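Novice: only geometry, no sequence info:
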C-alpha cells in the first residue's frame with residue numbers, strides 16, 4: 001500500500017498518460033485492522049481528484065474477464081465509488097486498467113533520480129495541512145516517545161539506530177510472511193549493533209584521544225524480552241546487560257492526536273520524519289515489510305533484511321541504491337518452520353520460477369520436490385513459535401550488511417573499512433557471496449594473512465554446517481526441501497567462492 005501511495009505522489013494528476021488520471025481500486029477486506037491503510041490511500045487519492053472504488057470483487061471481475069453469476073443489483077451491493085453506492089449505469093462508465101503494486105515500485109525506481117525528488121516524495125508520504133503542522137509537532141514533543149528526557153539526540157559522539165519489531169506474520173489474523181517477523185533474530189540485530197559499537201569505542205580510545213562514543217539501539221514496536229515473550233520492552237529497560245531504548249507500540253500512544261482530515265498513517269509518517277530531522281535516530285533496520293518501505297520513501301536511510309530466494313525479493317531490490325538510500329541484506333537459512341518452496345505464476349524461459357513463500361498460499365511444489373503439506377493450523381490462527389535466530393554464517397552476512405550501511409550513512413568514527421566492500425557498496429546489496437569474499441580491514445589486509453585465514457576458515461565451517469542442515473533430509477530443526485536447481489546453485493557458489501579464497505591463500 002505504501003508503494004501505491006508513493007507512486008500516486010510521483011504521478012502527475014493531469015495529462016494524456018493514462019497513469020496520470022488513474023483511480024484507485026481497494027478491496028474491502030471486512031477487517032477493521034486495514035481501515036487506517038484504506039484511509040491513508042483513499043483520502044490522498046481524493047485530494048488529488050482521483051476516483052476511489054471500494055469493492056469485494058476479484059481482479060478478474062474488475063477487468064471484466066469473468067462475468068458475475070449474481071444479478072447486478074446483488075453484485076453491486078457494498079461497492080462504493082468515491083464514497084457513494086455504485087449503480088449499473090456508473091459501472092458501465094468505468095474503464096479499468098490495472099496498475100499493480102509491482103508496477104508502482106518500478107515507476108518509483110524510475111522516477112527517483114535526485115535528492116530533490118526524494119524530498120518531494122517524503123513530504124507527500126506525510127500529507128498534513130501546513131496550518132496544522134506546528135500544533136502537531138508540539139503534540140509530538142509532549143508524548144512519552146521521542147524527547148530528550150527519554151532518548152538521547154545525536155551529537156558528534158552519539159548515534160542512534162532504530163530497529164523495527166515485526167510480529168504480524170505470526171500473530172495477526174491472516175498474517176502473511178511469518179518468515180519476515182523479527183522473532184528471536186531481533187536480538188541478533190541488536191547484539192550485532194552492540195558489537196560494532198564496542199569496536200568503535202575501542203578505536204576511539206586510540207584515535208580520538210579516549211573520547212567516548214555511543215551507538216544506541218532504539219526498539220520500535222511491541223518487542224518482548226528474549227527469555228520471556230510475555231514481558232514487553234519499555235524504554236530504559238536492561239536486557240542482557242545492555243540498556244535498551246524503546247518507543248514501544250507508538251501508535252497506541254498517538255491514537256488521540258489529530259491534524260484536521262489527515263489519516264492516522266499520515267500523522268505517524270510525519271511523526272517519524274520529524275523525529276529523524278530532530279536527530280533522534282540516524283537509520284532504520286528491520287525485516288522486509290511495508291512499514292520499513294515507508295521509512296525509505298521518507299528519505300531515511302534503511303537496511304532491509306530478507307531471506308534469499310523469498311518471493312517478492314525482485315521487487316524489493318528495485319528500492320536498493322543511492323537514490324533511495326536503501327541497503328538490502330539477504331540471509332540464507334529459513335528461520336520459520338513453515339517457510340517452503342513453491343512454484344510461482346512467474347516464468348523464465350517458459351519455466352515456472354520457484355521461490356520460498358508463506359504457508360497459506362495454495363501453490364504447487366517445485367518440480368522434483370515432494371509436495372509439502374500446507375500449514376495445518378486453522379487459517380487466521382497464530383503461526384507459533386515465531387522465527388528462530390540467525391545461524392552463525394547468517395549473522396556474518398547481516399553484520400557485513402550493517403557495516404556497509406554504516407560506512408555510507410554514519411560519521412567516520414562509526415565506519416569500519418572492509419576488504420572487498422566495493423561490489424556490495426556499489427550494489428547496495430549484501431548476500432552470502434559478499435560474506436565469503438569480504439572481511440574487516442582490522443582482521444588483515446591480505447587473504448594470505450594468518451588472521452584472515454583463521455577468520456575465513458571459521459566462516460567456511462559455519463556455512464558448511466548450514467548447508468548440511470538444509471540438504472540433510474532427516475534434519476527436523478531446520479529442514480527445507482530444496483529444488484534441484486536451488487541446491488546446486490547454493491553448492492556451486494559455496495565451492496567456487498571458497499575455492500577462490502583458498503587459491504588466494506596459496507598464492
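Specialist: Cool, the structure landed. This one's a predicted model, so the numbers in the text were calculated from it and none came from an experiment.
Novice: Confirm for me that residue 196 is in contact with residue 407.
Specialist: No - taking C-beta atoms under 8 Å as the definition, residue 196 is not a contact partner of residue 407, at 10.7 Å. All C-beta atoms are positioned from the backbone trio N, CA, C, and that covers glycine.
Novice: tell me, what's touching these two both at once?
Specialist: Overlap between the neighbourhoods of residue 196 and residue 407 consists of residue 416, taking contacts as C-beta atoms under 8 Å, 6 or more residues apart in numbering.
Novice: These two: who's more crowded?
Specialist: Under the neighbour definition other C-beta atoms under 10 Å, residue 196 and residue 407 were set side by side, and residue 196 has more, 20 against 17.
Novice: Give the full set of residues in contact with the more buried one.
Specialist: 215, 399, 402-403, 406, 414, 416.
Novice: which parts of the strand or helix carrying it are buried?
Specialist: For residue 196, the enclosing helix or strand under DSSP states H and E is helix 185-207. Taking 16 or more other C-beta atoms under 10 Å as the basis for neighbour counts, the residues of helix 185-207 that come out buried are 185-194, 196-197, 199-201, 203-204.
Novice: All the helices of the stretch 301-450 of the chain, residue numbers only.
Specialist: Across the stretch 301-450 of the chain, reading from the start of the chain, the helices by DSSP state H, counting those that start in this stretch fall at 313-316, 392-409, 422-427, 432-437, 450-471.
Novice: tell me the contacts of residue 163?
Specialist: By C-beta under 8 Å, 6+ apart, the residues touching residue 163 are 186, 189-190, 193, 217-220, 284-286.
Novice: With pLDDT and distance to residue 273 as extra columns, can I get those residues in CSV?
Specialist: Supplementary listing: the contacts of residue 163 in CSV, determined by pLDDT from 0 to 100; distance: C-beta to C-beta, whole Å:
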residue, pLDDT, distance to residue 273
186, 95, 24
189, 97, 23
190, 95, 24
193, 94, 23
217, 94, 21
218, 95, 16
219, 96, 19
220, 96, 14
284, 98, 12
285, 98, 18
286, 98, 17
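Novice: nearest to residue 461, of the residues you listed?
Specialist: The shortest approach to residue 461 among the contacts of residue 163 belongs to residue 189, at 23.2 Å (C-beta to C-beta).
Novice: for the closest residue to the closest one other than its chain neighbours, phi and psi?
Specialist: In space, not counting the residues next to it along the chain, residue 189 is nearest to residue 163; the distance is 5.6 Å by C-beta to C-beta, 6 or more residues apart in numbering. Dihedral angles phi and psi of residue 163 (degrees, to the nearest 10) take the values phi -110, psi 120.
Novice: and the gap between residue 163 and residue 405?
Specialist: Residue 163 sits at a distance of 13 Å from residue 405 (criterion: C-beta to C-beta, to the nearest Å).
Novice: Next, show the common contact partners of those two.
Specialist: Taking C-beta under 8 Å, 6+ apart as the contact rule, the neighbours common to residue 163 and residue 405 are residue 285.
Novice: Spell out the secondary structure type for residue 3.
Specialist: Classification of residue 3 by DSSP: H, G, I helix; E, B strand; the rest coil places it in helix.
Novice: The helix or strand hosting residue 217: what's the following helix or strand?
Specialist: Counting by DSSP H and E, the element that carries residue 217 is strand 214-220. Remark: after strand 214-220, the chain's next helix or strand is strand 224-225, criterion DSSP H and E.
Novice: What are the contacting residues of that following strand?
Specialist: With contact meaning C-beta under 8 Å, 6+ apart, strand 224-225 is reached by 230-233, 239.
Novice: Counting neighbours, which of these comes out on top?
Specialist: Using other C-beta under 10 Å as the neighbour test, the contacts of strand 224-225 are led by residue 233, with 20 neighbours.
Novice: could you measure it against residue 120, distance?
Specialist: According to C-beta to C-beta, residue 233 stands 36 Å off from residue 120.
Novice: Could I get the full set of helices for the stretch 1-150 of the chain?
Specialist: 2-10, 35-47, 59-63, 72-75, 88-93, 101-111, 115-125, 133-142.
Novice: Reformat those helices as JSON lines; add distance to residue 270 and mean neighbour count.
Specialist: As requested, the helices of the stretch 1-150 of the chain are arranged in JSON lines below (distance: least, C-beta to C-beta, whole Å; neighbours: other C-beta atoms under 10 Å):
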{"stretch": "helix 2-10", "distance to residue 270": "14", "mean neighbour count": "22"}
{"stretch": "helix 35-47", "distance to residue 270": "12", "mean neighbour count": "18"}
{"stretch": "helix 59-63", "distance to residue 270": "33", "mean neighbour count": "13"}
{"stretch": "helix 72-75", "distance to residue 270": "40", "mean neighbour count": "12"}
{"stretch": "helix 88-93", "distance to residue 270": "35", "mean neighbour count": "10"}
{"stretch": "helix 101-111", "distance to residue 270": "20", "mean neighbour count": "17"}
{"stretch": "helix 115-125", "distance to residue 270": "9", "mean neighbour count": "16"}
{"stretch": "helix 133-142", "distance to residue 270": "7", "mean neighbour count": "14"}
